[in-house]
Every structure is written in C-alpha cells, then in structure tokens.
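Asks: Take this sequence and fold it.
(4 chains)
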Number of protein chains: 2
Amino acid sequence: MNDETGPERPDRAERHVTIRHVAQRAGVSIKSVSRVLNKEPAVSAAIREAVEHAVADLNYRPNISARALAGARSYLIGLIYDNPSSNYVSELQIGAMTACKRAGYHLVIEQIDSAGPNVRSVIRDAVGTLRLDGVLLSPPLSDDDRIMSELETLAIPYVRIAPYLYPGRAPSVGIDDRLAAMQMTFHLWEQGHRDIAFIAPPSGHAAAARRRDGFLHAMSERGGTVKPGFMQEGAFTTVSGLSAGQALLTLRDRPTAIFASNDDMATGVMIAAYQAGIDLPGALSVVGFDDSPIARSLHPLLTTVRQPTAEMADTATRMLIEGGPARTVSLDFELVIRSSVAPGPYLP
Amino acid sequence: MNDETGPERPDRAERHVTIRHVAQRAGVSIKSVSRVLNKEPAVSAAIREAVEHAVADLNYRPNISARALAGARSYLIGLIYDNPSSNYVSELQIGAMTACKRAGYHLVIEQIDSAGPNVRSVIRDAVGTLRLDGVLLSPPLSDDDRIMSELETLAIPYVRIAPYLYPGRAPSVGIDDRLAAMQMTFHLWEQGHRDIAFIAPPSGHAAAARRRDGFLHAMSERGGTVKPGFMQEGAFTTVSGLSAGQALLTLRDRPTAIFASNDDMATGVMIAAYQAGIDLPGALSVVGFDDSPIARSLHPLLTTVRQPTAEMADTATRMLIEGGPARTVSLDFELVIRSSVAPGPYLP
DNA sequence: CTGTTAGCGCCTTCAC
DNA sequence: GTGAAGGCGCTAACAG
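Replies: Residues are numbered from 1 along each chain as shown, chains lettered A, B, ... in the order given. Just a heads-up that it's a prediction; the model follows:
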C-alpha cells in the first residue's frame, strides 16, 4: 500500500469501520486488534486497553462474514424445528438466543417439514451455504435419522433436544420424562386415586412416549390397574384433549383423576368438565404436563410438570459453542403441585 | 499461482466445493459460474447448462460469507421482536422463512427487551456484525422510534409490520384494524345488540388501539352508547380477559354481547361465562379478534377477525428482498362469522 | 509479546 | 459474451 491513501480516504460514501481503522486509531497492528477481539491470552494490558478504547470510540463491530471466511467459525447457530407447538418453540428460541448473545453468536431458524420429500437437501442447503457452527434439533426432529445422518455426513456438530430414540447417538439435553410421569402418578395414588385415566401423547412423538411408560410403570408398581377405556390416545392439542375428556367423562364408571400427558390436552379436559357441569377439583382431579400458561389460566391451581424448556435450549447452545465431549445432559424438572388434586375415594 | 498445484490438490482433508471446482468441471471461468449463479442475463445457453450440470454433480453451494464479503448483499434478513405472543410471532416467522427460502435468503431472529436500556446497541450489534440486508419489525416494536431511527442512521432497509404511530415513516404491511373492528361492531348491531361491552387492548400496543377506535366510532355512527363499565381495559392475555369478563358478568345490567379485542381475551371471557353458568351464545354473545385456535377450541363457532399474519410477514420480507419504492400495504382481513352471535333483545 | 504476509470464496471492474 | 486481475475484512500461519 502506498502512502498517499490511507483508510481515512473518504472518496466514496464512507464504508464501514474496519479492523484497520481500529488498528490505526489505537496505533497498533491489525493483528493485535484481532487478538484482543478474540480474547487471545498473549496481549499486553496496554495494547488491550488501547484497542478497547479505539473500538468503543469508533463504534466498531467486526464483520461476521469476514470472520467466517477467514476463520473456522461462522458464529451462526441453526435451530431446526418442524411442527411448532408455538409456545414450546418460542421458549427454545429464547433460550438459544440468550446463549448466542452471551457468546457473540447469532441464531438462524429453519423450519423443516419432516413429512416432506427433501428433508436432506434442506439441511444441505442451509448448512452448506451458511456454514453453521452447530445445529439444534428440536422435537420431533431430534429423532429423525435422515437429519442426523445428513448432519453427520456434513460433520456439523449438533445437539438433540429431548430425544428418545437412538440414545447416546449425539449430545443431548432433556429431562427424564418417564420419571416425571411416575412421580405424577404416585402423587395421584397417594391422594387416594385408583381410577386414573391417561391421555397419551401422539404416537409420533417419541420423547413424550416415555410419559406413557412412566404412568403405566408407576401404576403396576403400586399394584393398580388401568381400566378399559381409561387409556386414551391424544394429539397434544387442546381439541384432542377435549374429545378424550368427553369420552372419559361419559363412561359409566368415570375416572376420579385424569392425567393428560401435556397441558394443552389438560386444557381440553377441563373444558369438557366445565361443559359437563363437573366440579373441579371436587368431583374430578385433572393433572397435566408442561406447565402452559393457558392451562393455568383455566385452572390456576393445576398440578403439572414444569420442563425447563428455555434452559434446555440454552444449555444445548452452550454445548455447541463451547464444544467439549459429547454428553447427555438431563436437566431437573419440577413437579408443580398446586391443588388440583383432591382426595380420591379410596384413601384408607 | 504456479502450475503444479491446482484445486485438485488434496493435501489436507478436502475442504469445501468452491466456485473454482465448479468452473474447472464445467470448463469455464469462475466468472461465468458466478454469472449463472446470480442469474445475470448475458450468458450463453451452452455455458449456463454446463455450469448447472457441474453444480448439480458437485453438489455445490455458494458460501454465503464469501458472497456477503465480496458483494453488496448478505442474504440475511433479521426479524426483531419483543414480547412473543408466541402464536403471533410463530406465524410471522413462518411467513418470513417462506419468503426467505424462496429467494435463497436466511432468517436471523433477535429478541429485544423494549423496556431495557440498550435497545439501540442491540440493534447496532446485530446489524453491524451481521450486515443484514433488511429488518422486519414486529409489533410493538414497529412503533419504536429508537429502533427506527437507529436503523435509519445505519441505512438498513426495514419494513414495519402492523404499525400505528408515525404513518408513512417506512414501508409497512398490515390490515385495517379500525375497519375490521367497525365491521364487527356493525355485525353485532345488526343482530340486535345494543348493550355491547368492549375489552380494550393494552395501552402500549398502538396498532391494536385502532380496534378500540373502530368500535367506538361504529357505535356512535349507529347512534349507540357505551354504558358505564362496559369499556374494560385488557392486556391481551387470557387472564386479563377472564377478569374483565368476570367484572362485566357481575354488573347489575350486564351486556348482551362482549367484543374482546383479541381472541386470547375472548377465551378468558368464555371461561368466565362457563364459570358463571351463562349459556353461550344463548344468553351472551362473545366475539373476538385474531382467530386463535385455542379460542376456537373453546367455542368452535366463535366469530372473530382473521388476520393474515404469515402472509403479512411474507409480503414484508419480499418487499425487503426485492426492494422497490416504499409502500404501505394493507392486506385483506376476514370477518369470520361463525355463529357465536345470537340475536340480541333489541332486534326490531 | 508483536507485526508481516497470505489467503478464505466470491463479486466487481475492466479488458478482450 | 467471456475471462483475468484485484480486493472485500478478517484470521492463520509464520517471523521477529
């Protein structure tokens, strides 16, 4: 570079502030600026401070594309999801964004129709053009073999959120759904309920299937039985909970407690109870799973399980950013016992 | 570059397929490949075809960082939102992603706490590092002067979704909330309702304030009056609808119809009615706004207004990508008349 | 501990 | 219509 034109030259409309401007302002080399930016250890305090000042004065922001092109990281994390139970996905996004912001990363979201034909090519497109540093897989995609194997081929790190199938196949974050469902069932049992009905998750949703396992296991462990008609299929929607609830509440011998495997369905059950004029929780105990605000507004005292959804995504994102060995992280859930469970008729 | 090392050289683990590989494979210059990729007109059919073949064979994906660095576009659109009524934001995301995918763009999401202190710097960070090609502002941020002026300083194109304040300040997409609320009010009026109560949007939500305007305007245009206590404040949540509903339904002279300015609040009103043992729609007509699936599951025949949320975001994104002059686009809404409005007592 | 020199992969300008 | 240089802003080797 010759001397007559420095970065000051304002010949066209000023472009952006670059690392070169910062270096000049701080009176150091661009490499020193780069070192400070990347928090490399071997930098003298004097230079670090000078650079930090220059950055602040100039309002400098490193160009992510240039970093990605020159370096190994894109500073981009992808969140891939399919069927937005919008509440759940929102929570995941919040958690992922929080972790990203903390580390100077950004979140790119991508929706995939897992029933569609070109799942793999969508992944290839996104990952290939974006050079994502990592991918978050949310249910039910956390169990999709095509996506995982594509990611493995591409050698992109990914973390599975609340997976069920293929345990240990990749790093994952979740809660112990089975244990939670068992605890909920024991809780009902201890309050004297024996005629407990269960509204199951949709069959495609593998992670949640563990809730059913937990319920059945807990019942048999206590020596209880699930009466005919007491095991209903659900679809995780309020409408499906409503139909299941109506079916259960019109049985000749109706249950004294209904355990819906998510709160949206619990909402439906409660609506069915209102419609049928059944007193809650006096004449029927309803419990759910997932702690949705809507279900709680219907019945402020609904007993349910709170999953730390945002925290799961935060943790998963951190695992992606920080790297490290593959781990299976099981986060704590909370059994939120409010008072929707009244004493059942069989209390000794 | 000397001759002994071409791009074939596989000395380290193979990197990515680059434009150079494609050019070599197709037997053309890299510039020709670039022309085909960017759909520039002046390319012979033969070359175009050769390049397209090579791209397909090699499974080539252009590196977005390199394009952004060399060219003027980053192929990244930002969606900025604050308080996720998760359903609404989800819809927006879907629409924005659809438009992005169609055009080879990607969507980066960023949440901002508009009550927080550093709104401007969050914008600067995101936009400055990412070099976004455009920004989508969703309510209530569509009316945030700090964000808009920051974006204007940065000279980043942005589109406002459902704005209210500062009309014409930037391109925007929305519906005519005021007109929709008027039509809804006329509908109630025509069914014979005169004692109509309204549950207003939160005062911060400027776009939705037009719904209140529309209601009041329609009432006075018909020569009706809003009785004392019939105008309730709401917060767009189910819980706030529940309290407002309880307040209205315990009035000595209660309304014959309640118009909730969104469906979440209509849900609350319907719950209040169930709890009070009031027959819907026989003894009370409830209408809403926004067509939420949850409200509809509570009352399958709820009359409401359907806003084309996803389409709004799709349109806004397209405006960003395609450029063109600033426009204010008003999309069609639908008054979804099911049958939650029973004849009121004053029908002539 | 610090600075210099090459590129990363693509698009832009300008010759041909 | 096509191709050859140059550089976007940054980081990765090196050298000092």
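Asks: ranges for the strands of the stretch 101-250 of chain A?
Replies: A:106-111, A:134-137, A:158-161, A:172-174, A:196-200, A:231-233 (DSSP state E, counting those that start in this stretch).
Asks: among the ones you listed, which is nearest DNA strand D?
Replies: strand A:106-111 (14.7 Å; C-beta to the nearest atom of the strand). Every residue, glycine included, has its C-beta placed from N, CA and C.
Asks: who touches the worst-scoring helix or strand of chain A on mean pLDDT?
Replies: Ranked by mean pLDDT, DSSP states H and E, the helix or strand of chain A with the weakest confidence is helix A:293-298, at a mean of 76. Contacts of helix A:293-298 with the rest of the structure, by C-beta atoms under 8 Å, 6 or more residues apart in numbering or on different chains, involve A:87, A:263-264, A:266-267, A:270-271, A:288, A:302, A:304, B:237-239, B:242, B:267-268, B:271, B:294.
Asks: Now, those that are in strands?
Replies: The strands, defined by DSSP state E, take in A:Thr304 from these.
Asks: Would you mind listing which of the contacts of helix A:293-298 are buried?
Replies: Taking 16 or more other C-beta atoms under 10 Å in any protein chain shown as the criterion, what is buried in the contacts of helix A:293-298 is A:87, A:263-264, A:266-267, A:270-271, A:288, A:302, A:304, B:237-239, B:242, B:267-268, B:271, B:294.
Asks: contacting residues for A:Arg318?
Replies: A:99, A:103.
Asks: And it, how close does it get to chain B?
Replies: Between A:Arg318 and chain B the computed distance is 17 Å (C-beta to the nearest C-beta, to the nearest Å).
Asks: Run a quick neighbour tally on the residue nearest to A:Asp213 when sequence neighbours are not counted.
Replies: Closest residue to A:Asp213 apart from its sequence neighbours, by C-beta to C-beta, 6 or more residues apart in numbering or on different chains: A:Arg178 at 5.2 Å. Neighbours of A:Arg178 under the rule other C-beta atoms under 10 Å in any protein chain shown: 19.
Asks: Find me the pLDDT at A:Arg178, would you?
Replies: pLDDT for A:Arg178: 94.
Asks: Quick one: low-confidence residue ranges for chain A.
Replies: A:1-15, A:84-85, A:207, A:347-348 (pLDDT under 70).
Asks: Please enumerate the helices of it.
Replies: Using DSSP state H, the helices found in chain A span residues A:19-26, A:30-37, A:45-58, A:64-70, A:86-103, A:119-130, A:145-154, A:177-190, A:206-221, A:238-249, A:263-276, A:293-298, A:309-322.
Asks: ok, the longest one near chain B or not?
Replies: Which is helix A:86-103. Yes. Helix A:86-103 reaches chain B (C-beta under 8 Å from any C-beta of the partner chain) through A:86-87, A:89-91, A:93-94, A:97.
Asks: With respect to A:Arg35, which of those residues is nearest?
Replies: Closest to A:Arg35 out of those is A:Met97 (27.9 Å), distances taken as C-beta to C-beta.
Asks: give the contact list for the closest one.
Replies: A:Met97 neighbours (C-beta under 8 Å, 6+ apart): A:107, B:109-111.
Asks: Buried among those residues? Need that as a selection in PyMOL.
Replies: Buried subset of the contacts of A:Met97, written as a PyMOL selection, criterion 16+ other C-beta under 10 Å:
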select buried, (chain A and resi 107) or (chain B and resi 109+110+111)
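Asks: Export stretch A:335-348 to PDB, keeping only CA atoms.
Replies: Provided in PDB are the C-alpha atoms of stretch A:335-348 (Å, rounded to 0.1, in the frame of the first residue of the first chain):
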ATOM      1  CA  LEU A 335     -43.400 -31.400  39.800                       C
ATOM      2  CA  VAL A 336     -45.600 -28.300  40.400                       C
ATOM      3  CA  ILE A 337     -48.100 -29.300  42.900                       C
ATOM      4  CA  ARG A 338     -50.800 -26.700  43.200                       C
ATOM      5  CA  SER A 339     -54.100 -28.100  44.400                       C
ATOM      6  CA  SER A 340     -56.000 -29.600  41.500                       C
ATOM      7  CA  VAL A 341     -55.800 -33.000  43.100                       C
ATOM      8  CA  ALA A 342     -58.500 -33.500  45.700                       C
ATOM      9  CA  PRO A 343     -58.600 -36.600  47.800                       C
ATOM     10  CA  GLY A 344     -59.800 -39.600  45.900                       C
ATOM     11  CA  PRO A 345     -62.400 -42.000  47.200                       C
ATOM     12  CA  TYR A 346     -60.100 -44.900  48.100                       C
ATOM     13  CA  LEU A 347     -58.000 -43.100  50.700                       C
ATOM     14  CA  PRO A 348     -57.600 -45.600  53.600                       C
END
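Asks: and it, how far from the chain's centre?
Replies: 30 Å (C-alpha atoms, centre = their mean, to the nearest Å).
Asks: before we move on, what about stretch A:221-230?
Replies: With C-alpha atoms, centre = their mean, you get 32 Å for stretch A:221-230.
Asks: Then stretch A:122-142?
Replies: Using C-alpha atoms, centre = their mean, the offset of stretch A:122-142 from its chain centre is 15 Å.
Asks: what do you get for stretch A:226-239?
Replies: Per C-alpha atoms, centre = their mean, the centroid offset for stretch A:226-239 relative to its chain is 25 Å.
Asks: So for that stretch, first residue to last residue, what's the gap.
Replies: 23 Å (C-alpha to C-alpha, to the nearest Å).
Asks: which residues sit against it?
Replies: A:85, A:195-203, A:205, A:208, A:216, A:219, A:240-241, A:244, A:247-248, A:251, A:253, A:255, A:260-262, A:264-265, A:267-268, A:271, B:293-294, B:297-298.
Asks: Tell me, how many residues neighbour A:Thr98?
Replies: The burial count for A:Thr98: 17, using other C-beta under 10 Å.
Asks: For it, give me its contacts.
Replies: A:Thr98 touches A:310, A:314, counting by C-beta under 8 Å, 6+ apart.
Asks: Now with 6 Å, please.
Replies: Residues in contact with A:Thr98 (C-beta atoms under 6 Å, 6 or more residues apart in numbering or on different chains) are A:Asp314.
Asks: Repeat that for A:Ala155.
Replies: No contacts exist for A:Ala155 under C-beta under 6 Å, 6+ apart.
Asks: Could you list the domains of chain A?
Replies: A:19-62, A:76-175+A:310-331, A:177-308 (automatic domain parsing).
Asks: any idea how far the nearest residue to A:Pro140 once chain neighbours are set aside is from DNA strand D?
Replies: Of all residues not flanking A:Pro140 in the chain, A:His205 sits nearest, at 5.5 Å (C-beta to C-beta, 6+ apart). Separation of A:His205 from DNA strand D (C-beta to the nearest atom of the strand, to the nearest Å): 40 Å.
Asks: Kindly report the same for A:Ala72.
Replies: Distance from A:Ala72 to DNA strand D, by C-beta to the nearest atom of the strand: 5 Å.
Asks: what's the burial count for that residue?
Replies: 8.
Asks: The spatially most central residue of chain A: what's it in contact with?
Replies: Centroid-nearest residue in chain A: A:Leu92, 3.8 Å away (criterion: C-alpha atoms, centre = their mean). Taking C-beta under 6 Å, 6+ apart, we find A:Leu92 in contact with A:138, A:313.
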